[in-house]
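Colleague: below are the sequence and a predicted model for it; my questions follow.
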Amino acid sequence: MKKILALIAILLVLLFLYGSYIEVKTFKVKEYTIQNENIPESFEDLKIIQFSDLLYERETSKKTLEKVLKRIESEDADIIIFTGDLLKKDVKYTEEDYTYLKETLTKMTANLYKFAIIGDNDESNLKEYKDILYESNFILLDNQNKLLFYKDEVPINIIGITDPTKIEDFNTLLTTDVPFNYALVITHKPDNFNYLKNYNINTVIAGHSLGGIVNIPYYGGIFKQEGAKTYLNDYYKENNQELFISNGLGYEKYNFRLFNNPSINIYRFSN
């Protein structure tokens, strides 16, 4: 029995060291096809790159962000989407930090647009966050929508949601002068899907959950935070509406992940 307990203790220590010093530094790319008959033919093969939850800290985030930049630049993306939490609410940032983020995010180039939304951590540094986005040519969608045209006159509707409960009438974001058939929502908290799935929306892209921190094979993430208690894993489909979740790049409190690498998502449209 003592030998078994000793082996278990050694295994736990090894897992802790692996999650703290190896896994958090191992960057992955997850690729998906968004296939929907409502996607206009002109959007076939459109490429979207999503990154999320950098939760910037100068000691740990720079190498990760440089890897993300390098991969994004190699992909020749049509659209880049950042789904919130660039900054941490409990960190005091310097002008040097803000300048670095502006310069790095500016280097991320897309053929069409770069979109961003507000994460719960960003709200504590909202002025600085908005300034970073503006300076680096990201379009902030704060409970707003934008019709996106590509190659012909049939658009898709891209909707950025900060908090759906603060929208007096959500249908105003689905009513446009030019008709569309496909609506893509980008939001920070995946549990917003509980609200959004009641509307004529095709796809939702979210972040925030950090993949549940520890991901158990064939089960999923185990640490649920507010806003990601119902939905925290990679993918869900309900009533022909899809939800994709990025497990993000950073960490909230502890620099630890297990079977849950920092990652970005790449999506390709198909009808």
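Modeller: Perfect, I can see it now.

Colleague: can I assume residue 158 sits in a strand?
Modeller: Yes: under DSSP: H, G, I helix; E, B strand; the rest coil, residue 158 falls within a strand.

Colleague: got the contact list for it?
Modeller: For residue 158, the contact set (CB atoms under 8 Å, 6 or more residues apart in numbering) comprises 115, 141, 145, 146, 147, 148, 183, 184, 185, 186. (C-beta placed from N, C-alpha, C; glycine too.)

Colleague: hey, what's it bridged with?
Modeller: residue 146, residue 184 (DSSP bridges).

Colleague: what distance do you get for it to residue 115?
Modeller: 7 Å (CB to CB, to the nearest Å).

Colleague: what touches both of the two?
Modeller: Counting by CB under 8 Å, 6+ apart, the contacts common to residue 158 and residue 115 are 141, 146, 186.

Colleague: by neighbours, which of those residues wins?
Modeller: Of all those, residue 186 has the most neighbours under the rule other CB atoms under 10 Å, reaching 24 neighbours.

Colleague: give me the phi and psi for that residue.
Modeller: phi -110, psi 130 (degrees, to the nearest 10).

Colleague: contacting residues for it?
Modeller: Applying CB under 8 Å, 6+ apart, we find residue 186 in contact with 81, 83, 115, 117, 141, 158, 159, 160, 161, 204, 205, 206.

Colleague: let's see it at 10 Å
Modeller: 48, 50, 52, 81-84, 115-117, 141, 158-161, 203-207 (CB atoms under 10 Å, 6 or more residues apart in numbering).

Colleague: okay, now the unreliable bits of the chain?
Modeller: 13, 17 (pLDDT under 70).

Colleague: enumerate the positions of the longest helix belonging to it that are buried.
Modeller: When the chain is parsed with DSSP state H, its longest helix is helix 2-21. Neighbour-count burial for helix 2-21 flags 18, 19 (criterion: 16 or more other CB atoms under 10 Å).

Colleague: can you check stretch 71-84 too?
Modeller: Neighbour-count burial for stretch 71-84, counted by 16+ other CB under 10 Å, picks out 71, 72, 77, 78, 79, 80, 81, 82, 83, 84.
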